[in-house]
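Engineer: Build me a model from this:
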Amino acid sequence: MTQPSFDLKTAFMPVFRSTEDEFWIGLGVIAALDALRISFSPAAGVLSWLVIAFFASTVFINRYRALGKPTALALAALAGATVIKIITGLFGMASRAYPEFVAFLENQGVNMDDPAAVQAAAYDPAIQQAYQERLTSDPEFAMAILHAGAWPSMWGFWLVLAAVGYWTARSTVRS
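Structural biologist: Predicted coordinates:
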């Protein structure tokens, strides 16, 4: 069995060709950096995520270059993973916000046993404005909702990249 090769440049500079081992190790290193980013600050922001996305695309670009495939495929993988990241992040935040919104509606005097009253209250501009004020007046509450989407979005992003990566790593060189 051969030893895995790894040249760190293939994970961080988009001008090289990478082997299957370098591809997987590069993705693993970048995923670990993303997990550290989320661990220290779940609301790290778009700028730090763009750095992670750049390096993830670099690993894919280098693998596609080695396979003789169009490097633009890396953008397709990244776009798909980003869509899943957004969707899973929104689901995570909604799962955190929903019980709080139900409690808020109860505090506003809405009969939670009457579906029509709940629906009417949820679409009432005055109640929406009051809930918006609740979010802006309590930054800890807003951050709790934001943090609830951090890990699901990261997992969604990396699972899509791992699935595409499995196909990419196993691909053969074009003749």
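Engineer: same for the strand or helix carrying residue 83, what does it pack against?
Structural biologist: According to DSSP states H and E, residue 83 maps onto helix 73-107. For helix 73-107, the contact count by 3 or more CB pairs under 8 Å, 6 or more residues apart in numbering; DSSP states H and E identifies helix 46-67, helix 115-122, helix 125-137, helix 139-148, helix 150-170 as packing neighbours. To be clear about C-beta, it is placed using only N, CA and C from the backbone, and glycine gets the same treatment.
Engineer: Stretch 136-154 spans what distance, first to last residue?
Structural biologist: 25 Å (CA to CA, to the nearest Å).
Engineer: Contacts for that stretch, please.
Structural biologist: Outside of stretch 136-154, the residues within contact range by CB atoms under 8 Å, 6 or more residues apart in numbering are 34-35, 38, 42-43, 85-86, 88-93, 95-97, 100, 134-135.
Engineer: Mark which of those residues are buried, thanks.
Structural biologist: By neighbour count, with 16 or more other CB atoms under 10 Å, the contacts of stretch 136-154 hold 34, 38, 42, 85, 88-89, 92-93, 96-97 as buried.
Engineer: What is the burial count for residue 76?
Structural biologist: Counted by other CB atoms under 10 Å, the residues lying close to residue 76 total 12.
Engineer: what about residue 17, which SS state?
Structural biologist: Recorded secondary structure, residue 17: coil (DSSP: H, G, I helix; E, B strand; the rest coil).
Engineer: mind checking pLDDT for it?
Structural biologist: On pLDDT, residue 17 comes in at 84.
Engineer: give me the low-pLDDT residue ranges for this structure?
Structural biologist: Applying pLDDT under 70 to the chain flags residues 1-7, 10-11, 42-44, 174-175.
Engineer: If anything else comes up later, I'll come back, but that's it for now.
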